[in-house]
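Trainee: Okay, structure incoming, though there's no sequence with it:
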């Protein structure tokens with residue numbers, strides 16, 4: 001039947017939605033913690049006011065833990081051409097990479 005053929009796609013869609021929802025929860029908790037630390041930076045109990053970040057709720061958020069928590073380094077590689085015809089494009093690329 002048609003339902004049986006679509007079952008793997010439906011299950012995959014459910015998993016994708018679960019991962020996106022978990023990512024939203026992580027971002028929301030990070031934003032909440034960020035606003036808590038900004039609103040009262042002198043608080044002695046600042047750490048106790050921070051909420052739990054649910055990184056382990058999905059594979060996606062586990063993979064992105066380092067990136068989302070600000071512990072990752074980012075590298076941008078700009079590919080330039082040595083042809084004079086590409087000078088304008090090279091400049092735009094360099095401005096973007098700046």
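Mentor: Noted; the coordinates are in hand. Everything quoted here is computed from the prediction, not taken from an experiment. Residues are numbered from 1 along each chain as shown.

Trainee: Next, name the residue at the spatial heart of the chain.
Mentor: The centroid of the chain falls nearest to residue 68 when counting by Cα atoms, centre = their mean (5.3 Å).

Trainee: Remind me which helix or strand the closest residue to that residue other than its chain neighbours belongs to.
Mentor: Leaving aside its sequence neighbours, residue 68 sits nearest to residue 26 (Cβ to Cβ, 6 or more residues apart in numbering; 6.0 Å). Bear in mind the C-beta positions are built from the backbone N, C-alpha and C, glycine included. Following DSSP states H and E, one finds residue 26 within helix 2-39.

Trainee: And that helix, what's buried?
Mentor: For helix 2-39, burial by neighbour count (16 or more other Cβ atoms under 10 Å) applies to 19, 22-23, 25-26, 29-30, 33, 36.

Trainee: which of those residues lies closest to residue 80?
Mentor: Proximity to residue 80 was ranked across those by Cβ to Cβ; first place goes to residue 23, at 34.3 Å.
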